[in-house]
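> Any chance you can model this:
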Amino acid sequence: MRKKIVAGNWKMNLDYAEGVSLFSEIVNMIRDEQKGTQVAVICAPYIHLNSLAKLGGTTVKIGAQNCHQNESGAFTGEISAKMIQSVGCEYVIIGHSERRQYFAESDALLLEKTNIALKNNLTPIFCIGETLDERNNGSYFDVIKSQLTHGVFALSAADFAKVVLAYEPVWAIGTGLTASSAQAQEVHAFIRNEIAVQYGAEVAENTSILYGGSCNPKNAAELFAQNDIDGGLIGGASLKSRDFADIVKTFNS
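Numbering: from 1, shown residues only. The predicted structure is shown next:
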């Protein structure tokens, strides 16, 4: 059975006190209201990880937003998967569109990061998705297939089964635009079919694929009701405790 996951991505927001305060609100809301088997995750800046892991308990899991591809070494300013795991994180975002765009992260590099995350018992949330130009010119299926093929499809079936995918149409991140439920479902179904071709139907059926692109409490229910959408990678709405808790609660309705 596929896990239903709602993962918040705080990006580069919130100082230490603000982060602890927001997270405490989220934990209390979800603890009081959660009835289903969905998994709630907050992927926070590095300064928050240790404290949030202690506060979250079993209610909200903790993830990082990135990790370095090497185990350790002379990489000033970077952080390793081992360090992230050591403070209680269970998840790490790999290949967010902002990392691909602003830091020129290639599929080959992201595969290295995925491997090191898996080696350190972290669940990668591996992001894929097309730009507005690629959506408009009709090449988005080719783009997504290439990101899968040159990224996570290099993994063994056993390792791939430990990965969560996140489809994030780049044109719908932070823009207020959202893929329609039909558009999102079309791409999620395409991704699941590509997984089936690569690894077989059983692996495909058990892979969680999240939608990331201006998901909010108003559209979450319709998006999550689609057959191949297993939750969301939430940006701006994860910075508001009530909004994030309501998105998590969507799975209870």
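> was I right about residue 228 contacting residue 193?
No. Residue 228 is not in contact with residue 193 according to Cβ atoms under 8 Å; the separation is 9.3 Å. In short, each C-beta sits where N, CA and C put it, glycine included.
> In terms of neighbours, single out the busier of those two.
Using other Cβ atoms under 10 Å as the criterion, residue 228 and residue 193 rank with residue 228 on top: 21 against 13.
> now the more buried one, nearest residue through space, not along the chain?
With Cβ to Cβ, 6 or more residues apart in numbering as the criterion, residue 228 has its nearest non-adjacent residue at 3.7 Å, and that residue is residue 188.
> quick one: the helices in this structure?
For the chain, the helices defined by DSSP state H occupy 16-33, 49-56, 81-86, 97-102, 107-119, 132-136, 140-150, 157-160, 181-199, 201-206, 220-224, 241-249.
> want to throw these into CSV with mean pLDDT and distance to residue 65?
Converted to CSV, those look like this (pLDDT from 0 to 100; distance: least, Cβ to Cβ, whole Å):
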stretch, mean pLDDT, distance to residue 65
helix 16-33, 94, 13
helix 49-56, 94, 10
helix 81-86, 98, 10
helix 97-102, 94, 8
helix 107-119, 98, 12
helix 132-136, 89, 23
helix 140-150, 97, 18
helix 157-160, 98, 21
helix 181-199, 97, 22
helix 201-206, 97, 25
helix 220-224, 95, 21
helix 241-249, 95, 16
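> so which of these is the most packed in?
Greatest average neighbour count among the helices of the chain goes to helix 241-249 (a mean of 22), per mean count of other Cβ atoms under 10 Å.
> what does it contact?
Residues outside helix 241-249 that contact it (Cβ atoms under 8 Å, 6 or more residues apart in numbering): 6, 8, 22, 25-26, 29-30, 33-34, 38, 40, 215-217, 220, 232, 234, 237-238.
> and if you look at stretch 167-175?
With contact meaning Cβ under 8 Å, 6+ apart, stretch 167-175 is reached by 96-98, 101, 127-132, 135, 144, 177-179, 183-184, 187-188, 191, 209-214, 233, 235-236.
> Quick check: the gap between the residue nearest the centre of the chain and residue 167.
Among the residues of the chain, the one closest to the centroid is residue 125, at 4.2 Å (Cα atoms, centre = their mean). As judged by Cβ to Cβ, to the nearest Å, residue 125 and residue 167 stand 11 Å apart.
> For those two, list the residues in contact with both.
What both residue 125 and residue 167 touch, as defined by Cβ under 8 Å, 6+ apart, is the set residue 210.
> Could you check the pLDDT of residue 207?
Predicted confidence (pLDDT) for residue 207: 98.
> That one: what's it in contact with?
With the criterion set at Cβ under 8 Å, 6+ apart, residue 207 makes contact with 2, 160-161, 163-165, 192, 195.
> cool, residue 159 as well?
115, 118.
> ok, 6 Å please
residue 118 (Cβ atoms under 6 Å, 6 or more residues apart in numbering).
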